[in-house]
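Enquirer: quick one, fold the following:
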Amino acid sequence: MTIELSVILATDRLETIRGVLERLSEQTARERLELVLVTPSAFEVGENGFGAVRVIETDRDPTDVARLRADGVHAASAPAVLLAETHSFPAPDSLERLIERHREPWAAVGQAICNGNPQTMRSWTNLFLDYGPWADPHPGGVLRELPTQNSSFKRAELLACGERLPELLRYSEAINGVLRERGGRLYLEPRARTFHVNVSRATSWLVERLAAGRSYAASRAAAWPAWRRAAYAIGSPLIPLVRGRRVLRDIRRTGRSPELLPRILPALAVGLALSALGELAGYALGAGRAPQAIGEMELRRMPHVRPGDV
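Expert: Sure, this is the predicted structure:
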């Protein structure tokens with residue numbers, strides 16, 4: 001059986017990814033999948049019906065998820081790679097749908113993002129702030145942007161980024177922009193669906209919203225001149241208004257207004273304000289320790305999820 005998709009997972013140990021490994025082993029296309037695990041501590045993984053399994057041992061910081069994913073891209077062998085997460089669980093036929101689309105000349109193919117722990121408005125706020133344009137249900141089709149996480153890419157397109165790849169994978173706008181500059185086209189396959197578990201524990205949620213905003217702004221503005229960083233910092237109070245309108249639009253698009261409105265509004269207002277404060281800090285002061293905080297929550301999500309939510 002030909003390997004057609006490499007699933008790249010950055011992890012610190014086997015226990016962290018046990019749940020997602022179970023879901024991946026249920027994939028209808030598992031014989032065509034190569035599982036690439038990038039970890040500081042090598043461990044044994046059964047084949048579980050996968051076409052191939054590779055465990056890549058690294059001495060890098062495991063919370064630097066973008067760099068570990070870049071290492072995984074280099075180690076992979078399939079023509080397309082999925083940048084998977086430890087806390088996102090694809091439906092059984094989802095990766096088969098990605099493989100089908102990658103037989104076509106798309107530079108990247110995304111999945112529709114479902115809420116894997118829909119019990120709280122904090123979780124819904126995170127889903128729409130982080131994944132609103134791709135939230136399920138989605139009509140699919142050609143898009144200008146796809147999220148880096150949970151999307152699949154032609155491996156050759158990523159390798160062509162050279163040494164810039166780790167930094168380009170830190171936020172979606174960067175890698176999407178490079179792909180578009182080369183003439184690459186991005187597609188969201190609505191039949192490919194993954195259930196994303198969002199931070200929902202109150203204290204973790206407050207920290208994450210601040211850190212996510214700061215990390216994003218610092219990465220985005222890394223090469224900007226000081227005057228531009230200052231201008232964006234000054235304009236940061238407008239961010240809640242701009243992003244809030246987009247979130248409400250995405251809620252209406254998915255048909256979830258009766259379910260979420262007006263209940264989501266208090267959490268959404270707090271989440272937007274914290275994200276804006278984080279961006280202000282990122283533009284004015286740089287990343288600080290925000291990337292490490294976000295990396296830890298990306299790597300080990302379950303301690304930051306309210307008990308009983310999953």
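Enquirer: tally of neighbours for residue 252?
Expert: 12 (other Cβ atoms under 10 Å). The C-beta positions use only the backbone N, C-alpha and C, and glycine is treated the same way.
Enquirer: ok, it to residue 245 distance?
Expert: 11 Å (Cβ to Cβ, to the nearest Å).
Enquirer: now swap in residue 84 and tell me
Expert: 31 Å.
Enquirer: and if you look at residue 166?
Expert: Distance from residue 166 to residue 245, by Cβ to Cβ: 33 Å.
Enquirer: looking at those two, which one has more neighbours?
Expert: residue 166 (18 against 10).
Enquirer: tell me if I'm right that the more buried one and residue 65 touch.
Expert: No. Residue 166 lies out of contact with residue 65 (Cβ atoms under 8 Å); the separation is 9.8 Å.
Enquirer: what sits against residue 153?
Expert: Taking Cβ atoms under 8 Å, 6 or more residues apart in numbering, we find residue 153 in contact with 80-81, 83, 107-108, 175, 179.
Enquirer: partner strands of the helix or strand hosting it, parallel or antiparallel?
Expert: Of the helices and strands defined by DSSP states H and E, residue 153 is found in strand 151-154. With DSSP bridges as the test, strand 151-154 is paired with strand 80-83 (antiparallel), strand 108-115 (antiparallel).
Enquirer: and residue 309, which of those is closest to it?
Expert: Nearest of the strands paired with strand 151-154 to residue 309, taken as Cβ to Cβ: strand 108-115 at 10.3 Å.
Enquirer: for the top strand by length along the chain, which positions count as buried?
Expert: Looking across the chain with DSSP state E, the single longest strand is strand 186-196. For strand 186-196, a neighbour-count test (16 or more other Cβ atoms under 10 Å) marks 186-190, 192-196 as buried.
Enquirer: spatially nearest residue to the spatially most central residue of the chain (excluding sequence neighbours)?
Expert: Closest residue to the average C-alpha location of the chain: residue 149 at 2.5 Å, with Cα atoms, centre = their mean. Closest residue in space to residue 149, ignoring its immediate chain neighbours: residue 85 at 5.3 Å, by Cβ to Cβ, 6 or more residues apart in numbering.
Enquirer: separation between that neighbour and residue 231?
Expert: For residue 85 relative to residue 231 (Cβ to Cβ), the value is 33 Å.
Enquirer: ok, residue 155 next?
Expert: When residue 155 is compared with residue 231 (using Cβ to Cβ), they lie 37 Å apart.
Enquirer: follow-up on the earlier one: quick one: the residue nearest to residue 149 is in a helix?
Expert: No. Per DSSP: H, G, I helix; E, B strand; the rest coil, residue 85 lies outside any helix segment and is coil.
Enquirer: what comes up buried for stretch 162-182?
Expert: Quick answer for stretch 162-182 (16+ other Cβ under 10 Å): 165-172, 174-176, 178-179.
Enquirer: let's verify the residue lying farthest from the centre of the chain: helix, strand, or coil?
Expert: Among the C-alpha atoms of the chain, the one most distant from their mean position (Cα atoms, centre = their mean) is that of residue 227, at 30.2 Å. Residue 227 carries the three-state label helix when classified by three-state DSSP.
Enquirer: quick one: it from residue 234, how far?
Expert: From residue 227 to residue 234 the distance is 11 Å (Cβ to Cβ).
Enquirer: next: residue 211.
Expert: For residue 211, the distance to residue 234 - Cβ to Cβ - is 22 Å.
Enquirer: okay, the two: which has more neighbours?
Expert: The neighbour comparison of residue 211 against residue 234 (other Cβ under 10 Å) goes to residue 211, with 26 against 12.
Enquirer: the residue nearest to residue 274 when sequence neighbours are not counted: neighbouring residues, count only.
Expert: Using Cβ to Cβ, 6+ apart and skipping residues adjacent in sequence, the residue nearest residue 274 is residue 209, 3.7 Å away. By the measure other Cβ under 10 Å, the count of residues near residue 209 is 24.
Enquirer: that older thread, check the gap between the residue farthest from the centre of the chain and residue 163 for me.
Expert: For residue 227, the distance to residue 163 - Cβ to Cβ - is 28 Å.
Enquirer: could you export stretch 83-99 as CSV, CA atoms only?
Expert: Provided in CSV are the C-alpha atoms of stretch 83-99 (Å, rounded to 0.1, in the frame of the first residue of the first chain):
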residue,chain,number,x,y,z
LEU,A,83,0.3,19.1,11.0
ALA,A,84,-1.8,17.3,13.7
GLU,A,85,-2.3,18.3,17.3
THR,A,86,-2.3,16.2,20.6
HIS,A,87,-5.8,17.5,21.3
SER,A,88,-7.6,17.3,18.0
PHE,A,89,-9.4,14.1,17.0
PRO,A,90,-10.2,13.6,13.3
ALA,A,91,-13.4,11.8,12.2
PRO,A,92,-12.7,8.3,10.9
ASP,A,93,-12.9,9.2,7.2
SER,A,94,-11.3,12.7,7.6
LEU,A,95,-7.8,11.8,6.5
GLU,A,96,-9.1,9.8,3.6
ARG,A,97,-10.8,13.0,2.4
LEU,A,98,-7.5,14.9,2.7
ILE,A,99,-5.7,12.3,0.7
